[in-house]
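K.L.:
heads up, no residue letters with this:
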């Protein structure tokens, strides 16, 4: 984690979050300037917290991070674009969760190239707005833009299997978000 100064204001895509202690939450963010960042949001789970809804996966937020010796502290957040309106659409939720999981697994803590970051934001926007998304095509292009071997040359037919092989981690969202037939 290399935040450039004592405090940094960045636009971030919230990738995931997990609860810690009684009132805190660890939040994983993707920013263009700093790459993938894991930060702690202290007191965010308290009833009176104004940041609670802003730090949900898939949301875009402007966040203020304070650099510390260990994990950065997320002190302020302002919502730029939320995903709450898709909560009743399983197909959109599934696509968004899959996108977020792939991004979380593929990115390390380093600066993200502008065209890659913008593509991620465009894919997210298409999903959230309910536009037709060819997720396999978009993710294949994204993986190639990140410098990995093209899917067609990898020996895989599924982008999901390819990403799982690249990261050495099984993709969890694909199992539990399948609609029942």
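P.N.:
Thanks, I have the structure now. Here the structure is a predicted model, which is why all the values come from computation and not from measurement.

K.L.:
alpha carbons only for contacts and neighbour counts from here, please
P.N.:
OK.

K.L.:
Just give the number of residues close to the closest residue to residue 39 other than its chain neighbours.
P.N.:
The shortest distance from residue 39 to any non-neighbouring residue, by C-alpha to C-alpha, 6 or more residues apart in numbering, is to residue 72 (4.8 Å). For residue 72, the neighbour count with other C-alpha atoms under 10 Å is 22.

K.L.:
residues touching residue 72, list them.
P.N.:
38, 39, 40, 65, 66 (C-alpha atoms under 8 Å, 6 or more residues apart in numbering).

K.L.:
hmm, who's touching the helix or strand residue 37 falls within?
P.N.:
Here residue 37, judged by DSSP states H and E, is contained in strand 35-41. The contact list for strand 35-41 (C-alpha under 8 Å, 6+ apart) reads 1, 24-31, 65, 71-75, 104, 107-112.

K.L.:
can you rerun that using 6 Å?
P.N.:
Applying C-alpha atoms under 6 Å, 6 or more residues apart in numbering, the external contacts of strand 35-41 come out as 24-30, 71-74, 108-112.

K.L.:
From those, which shows the smallest pLDDT?
P.N.:
In terms of pLDDT, the weakest of those is residue 109, which scores 69.

K.L.:
part of a strand, is residue 157?
P.N.:
No - using DSSP: H, G, I helix; E, B strand; the rest coil, the secondary structure at residue 157 is coil, not a strand.

K.L.:
Which pLDDT does the model give it?
P.N.:
Looking at residue 157, its pLDDT reads 84.

K.L.:
Give me the neighbour count for it.
P.N.:
Neighbour count for residue 157, taken as other C-alpha under 10 Å: 11.

K.L.:
Give the buried residues for the one helix or strand residue 75 maps to.
P.N.:
For residue 75, the host element (DSSP H and E) is strand 73-81. Buried residues in strand 73-81, counted by 16 or more other C-alpha atoms under 10 Å: 73, 74, 75, 77, 79.

K.L.:
quick one: the lengthiest strand in the chain to chain centroid distance?
P.N.:
Counting by DSSP state E, the longest strand found in the chain is strand 7-20. Centroid separation for strand 7-20 versus its chain: 9 Å, with C-alpha atoms, centre = their mean, to the nearest Å.
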